[in-house]
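S.K.: Next input, structure requested:
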Amino acid sequence: MGLREIKKQLNKMDKNALVNHISEMYKKYKPVKEYIEFNLNPIEPDILSKYKKNIRECFYPIRGMQFKFSLAKQLLKDYKKLNPSITSLADLLLYFVECGIEFTNDFGDIDEDFYTSLENVYDSALNLCPKIKDIESLKKRALKIVDESSNIGWGFNDGIIDIYYSYFE
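M.R.: Numbering: from 1, shown residues only. Okay, the predicted model is just below:
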């Protein structure tokens, strides 16, 4: 069933039936709950803080030793689905890269795929900067990422430098 058919079926339903369906989805599906809460009562700083905390825990787990990079990347995707402000999204993307660099500096080099992912996220964050009114703080963070990645292998620092200067210099 396509979106057009779904809309037809939903238009046939009365308000109470729609409210009941949405309420059931809200109870059963965490992404639906989060999406509805964000759009009905968007306290963006709280939600952003929660996502930062969860990403941080992927790199530095409270229990166990295994970092969960794929889960951290999934959190970025989930946050994008909430349709946050561009500033908030850029903030989270840069935070993800900052955590990856800190993790590498604490524990040593990872692998090329890890750094390619960080470069792609960094590029996505800087790509948002022209749409942000006050980009100075993000620009400072982006430059700090360049500095903090200076001792990382796999050509990562070169890639980060190239990305930075393609946007800012």
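
S.K.: For stretch 127-140, what is the distance to the chain centroid?
M.R.: 16 Å (CA atoms, centre = their mean, to the nearest Å).

S.K.: now the end-to-end length of it.
M.R.: 15 Å (CA to CA, to the nearest Å).

S.K.: tell me the phi and psi of residue 14?
M.R.: phi -80, psi 170 (degrees, to the nearest 10).

S.K.: what about it, neighbour count?
M.R.: Using other CB atoms under 10 Å, the number of residues around residue 14 comes to 8. C-beta: built from backbone N, CA, C; applies to glycine.

S.K.: now do residue 37
M.R.: Counted with other CB under 10 Å, residue 37 comes out at 14.

S.K.: who touches it in this structure?
M.R.: Applying CB atoms under 8 Å, 6 or more residues apart in numbering to residue 37 gives no contacts.

S.K.: Apply 10 Å and report the result again.
M.R.: Taking CB atoms under 10 Å, 6 or more residues apart in numbering, we find residue 37 in contact with 26, 43, 47, 82.

S.K.: so where does it fall, helix or strand?
M.R.: helix 30-40 (DSSP states H and E).

S.K.: model confidence over that helix, on average?
M.R.: The pLDDT scores in helix 30-40 average 78.

S.K.: Buried ones in the next helix or strand after it, by neighbour count?
M.R.: Per DSSP H and E, the first helix or strand lying C-terminal to helix 30-40 is helix 44-59. Neighbour counts over helix 44-59 (16 or more other CB atoms under 10 Å) mark 47-48, 51-52, 54-59 as buried.
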